[in-house]
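Participant: missing the sequence, but the structure's below:
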């Protein structure tokens, strides 16, 4: 009896899932055709792999001091990418710094996306006074230049990986909130949302189970771009001396420590600069590829 009763539901569910599977397949094909996005994805995977595994595969650690090989140029001695003023291996420090910078980037992205999605969903769903108040607060925060807001917050906390992650996330959620608010406001009056409300679903259920899943495409794109933004912001604040503090390396403080040796040992700045450029550019390429792949207007075309 239950099989007979459930069969229409299963048929309806299968009918709903079939277009969704086709849409995902088309999105994947469009992403695979985006060569720069694929290149960016490969670079990101390699960066994550080497920063996670690389420090265990090289002969030196990032704190080992080799006084006899101070300022060794790349490929001119035992240190593959050269050494810094204390004789520390530049490759070891680059990999450990990448581990820190990427951790800050991914963690700040997760936090900023979560906060921005919740704020945007509430503002878009309720609208009225609640929506206006939340979005005017977002606009007020966006009026401050990001780097100055970041430095102002960093000046009041003890620098650490956790505190810098929280500060970067606190300055990066507003754009996500704006994107999500617009999407939720557009979806709020769609048939499926009205049907859920008529069936007695709670506001929280409608937002979390009906609206946000249907707004995931722009959220994913914004989250990807936020990783690049977080890496850059961490580099800014560390370069200015308010971020990750030595001896813990990050790409930003490696640049800060190298600025007085630009004339005598330029590789100290060039190598972490290349790492930052590769990471940020790759995440931007992936974000562009996801934006094109998830654009539903291309399905209509």
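Facilitator: Alright, I've got the coordinates. Just so it is clear, the model here is predicted, and its values are computed rather than measured.

Participant: which residues touch residue 246?
Facilitator: Residues in contact with residue 246 (Cβ atoms under 8 Å, 6 or more residues apart in numbering) are 253, 257. (C-beta placed from N, C-alpha, C; glycine too.)

Participant: may I ask which helix or strand encompasses it?
Facilitator: Following DSSP states H and E, there is no helix or strand that holds residue 246.

Participant: per-residue pLDDT, residue 262?
Facilitator: pLDDT for residue 262: 87.

Participant: that one - nearest residue in space that isn't next to it in sequence?
Facilitator: Nearest residue to residue 262 in three dimensions, chain neighbours excluded: residue 269, at 5.9 Å (Cβ to Cβ, 6 or more residues apart in numbering).

Participant: against residue 110, how distant is that neighbour?
Facilitator: In this view, residue 269 and residue 110 are 30 Å apart by Cβ to Cβ, to the nearest Å.

Participant: sorry, back to before: how about the secondary structure of the residue nearest to residue 262?
Facilitator: helix (DSSP: H, G, I helix; E, B strand; the rest coil).

Participant: I figured it hits residue 263, correct?
Facilitator: No: contact criterion Cβ atoms under 8 Å: residue 269 and residue 263 do not qualify, at 10.6 Å.

Participant: okay, buried residues for stretch 42-51 please.
Facilitator: If you call a residue buried by 16 or more other Cβ atoms under 10 Å, then stretch 42-51 has these buried ones: 43, 44, 47, 50, 51.

Participant: next one: stretch 150-170
Facilitator: Neighbour counts over stretch 150-170 (16+ other Cβ under 10 Å) mark 150-151, 153-154, 159, 161, 163-170 as buried.

Participant: just flag the most distant two among the residues you listed.
Facilitator: Greatest spatial distance among the buried residues of stretch 150-170 (Cβ to Cβ): 151 and 161, at 17.7 Å.

Participant: ok, back up a step: in helices only, show me the buried residues of stretch 150-170.
Facilitator: Residues of these located in helices (DSSP state H): 150-151, 153-154, 161, 163-170.

Participant: residue 28: neighbour count?
Facilitator: For residue 28, the neighbour count with other Cβ atoms under 10 Å is 11.

Participant: next SSE downstream of the helix or strand harbouring it?
Facilitator: Secondary structure from DSSP H and E places residue 28 in helix 2-33. Following helix 2-33 in sequence order, the next helix or strand is helix 35-53 (DSSP H and E).

Participant: counting by contacts, list what that next one packs against.
Facilitator: If you count contacts as 3 or more Cβ pairs under 8 Å, 6 or more residues apart in numbering; DSSP states H and E, helix 35-53 packs onto helix 2-33, helix 90-126, helix 267-293.

Participant: and these, which one is worst for confidence?
Facilitator: helix 2-33 (a mean of 60).

Participant: what residues are up against the closest residue in space to residue 261 that isn't next to it in sequence?
Facilitator: Leaving out its chain neighbours, the residue that sits closest to residue 261 by Cβ to Cβ, 6+ apart is residue 268, at 5.4 Å. Residue 268 is in contact with 82, 84, 90, 254, 257, 258, 261, counting by Cβ under 8 Å, 6+ apart.

Participant: what's the answer for residue 79, then?
Facilitator: Contacts for residue 79 (Cβ under 8 Å, 6+ apart) come out as 60, 66, 69, 72, 89, 90, 91.

Participant: distance of it relative to residue 236?
Facilitator: Applying Cβ to Cβ to residue 79 and residue 236 gives a distance of 28 Å.

Participant: what does residue 210 give?
Facilitator: Residue 210 sits 39 Å away from residue 236, taking Cβ to Cβ as the criterion.

Participant: then residue 277?
Facilitator: On the measure of Cβ to Cβ, residue 277 and residue 236 end up 14 Å apart.

Participant: kindly report the same for residue 175.
Facilitator: 17 Å.

Participant: picking up where we left off before, which one of the helices and strands packed on helix 35-53 is the most hemmed in?
Facilitator: Burial of the helices and strands packed on helix 35-53 is given as mean neighbour count (mean count of other Cβ atoms under 10 Å); helix 90-126 ranks first at a mean of 23.

Participant: past it, which element shows up next along the chain?
Facilitator: Per DSSP H and E, the first helix or strand lying C-terminal to helix 90-126 is helix 128-142.

Participant: can you list the low-confidence ranges for the stretch 151-300 of the chain?
Facilitator: Along the stretch 151-300 of the chain, the parts satisfying pLDDT under 70 run over 296-300.

Participant: and the average pLDDT for stretch 49-56 is what?
Facilitator: 91.

Participant: circling back: distance to residue 28 for the ones in helices among the buried residues of stretch 150-170 - can I get that in JSON lines?
Facilitator: Shown next, in JSON lines, are those (distance: Cβ to Cβ, whole Å):
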{"residue": "150", "distance to residue 28": "36"}
{"residue": "151", "distance to residue 28": "41"}
{"residue": "153", "distance to residue 28": "39"}
{"residue": "154", "distance to residue 28": "40"}
{"residue": "161", "distance to residue 28": "35"}
{"residue": "163", "distance to residue 28": "38"}
{"residue": "164", "distance to residue 28": "35"}
{"residue": "165", "distance to residue 28": "31"}
{"residue": "166", "distance to residue 28": "35"}
{"residue": "167", "distance to residue 28": "36"}
{"residue": "168", "distance to residue 28": "31"}
{"residue": "169", "distance to residue 28": "30"}
{"residue": "170", "distance to residue 28": "34"}
